[in-house]
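# build me a structure from this.
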Amino acid sequence: MHPKHLFSALLLCLPLASQAAPTLEQSRFADLNAKPVTTAAYKGKVTVLNFWATWCGPCREEMPMLNSLRKKLAPRGVEVVGVALDQKEQVEPFIKQLKIGYPILLGNDDTLELMRSLGNKTGGLPYTLVLDRGGKVAATLTGKLDEKKLEAAVKPYL
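Numbers count the residues shown, from 1 in each chain. Predicted structure coming up:
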């Protein structure tokens, strides 16, 4: 066998490396109408990206504060976006009940791995990222937030 062919045959025998988690820029979410959305849609704004689930008590508790913060800081170029780790059927009635006014996206099979790759090693919720106007992660916040803590994380990027 020619050495070139032997090398190719050996490569085929090697186990494939596990696929790396998608980066935030590569990740695709879906809005509640099943349209694909990426975080690039929010470039130009300071974006508070909040990962949550309907079964998460602290997530539910901080949602009214996120609503309020969005209203307060929207004129300064801040957007709050929720990423639900649930199915649409669970999410829609929940956001209506809580009167959530900010965009809600649906996570997918890669979302938990994405969160881990962005610093949330345990996969705990809620988990919040502050993205600068260029879409880069500027701050990571784990657990239930209060308005003061979140505003302090956002303020340097206004």
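
# low pLDDT regions in this structure?
Within the chain, the stretches with pLDDT under 70 are 1-22.

# just the strands in it please.
With DSSP state E as the criterion, the chain has strands at 29-31, 36-37, 46-52, 78-84, 104-106, 127-131, 137-142.

# other residues contacting the shortest one?
The reference is to strand 36-37. For strand 36-37, the surrounding residues in contact (C-beta atoms under 8 Å, 6 or more residues apart in numbering) are 28-31, 105. The C-beta positions use only the backbone N, C-alpha and C, and glycine is treated the same way.

# rerun at 10 Å
Contact partners of strand 36-37, identified using C-beta atoms under 10 Å, 6 or more residues apart in numbering, comprise 27-31, 81, 83, 103, 105-106.

# list buried residues within those.
Burial by neighbour count, 16 or more other C-beta atoms under 10 Å: within the contacts of strand 36-37 this picks out 27, 29, 81, 83, 103, 105-106.

# identify the farthest-apart pair in these.
Ser27 and Pro103 (15.2 Å; C-beta to C-beta).

# nearest spatial neighbour of Phe94, skipping sequence neighbours?
What sits nearest to Phe94 in space, not counting adjacent residues and going by C-beta to C-beta, 6 or more residues apart in numbering, is Thr54, at 4.8 Å.

# and that neighbour, how far from Glu92?
The spacing between Thr54 and Glu92, counted by C-beta to C-beta, to the nearest Å, is 10 Å.

# what helices and strands are in contact with the longest helix along the chain?
In the chain, taking DSSP state H as the definition, the longest helix is helix 57-73. With contacts defined as 3 or more C-beta pairs under 10 Å, 6 or more residues apart in numbering; DSSP states H and E, helix 57-73 has these neighbours: strand 46-52, strand 78-84, helix 88-97, strand 127-131, helix 147-154.

# note down every partner strand of the shortest one and its orientation.
Strand 127-131 sits in its sheet next to strand 46-52 (antiparallel), strand 137-142 (antiparallel), going by DSSP bridges.

# can you list the strands of the chain in a markdown table and add distance to Lys96?
Output for the strands of the chain, formatted as a markdown table (distance: least, C-beta to C-beta, whole Å):
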| stretch | distance to Lys96 |
| --- | --- |
| strand 29-31 | 15 |
| strand 36-37 | 20 |
| strand 46-52 | 15 |
| strand 78-84 | 13 |
| strand 104-106 | 11 |
| strand 127-131 | 22 |
| strand 137-142 | 26 |
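
# hang on, the earlier thing: and the contacts of strand 36-37, which is closest to Val48?
Comparing those against Val48 with C-beta to C-beta places Val81 closest, at 7.0 Å.
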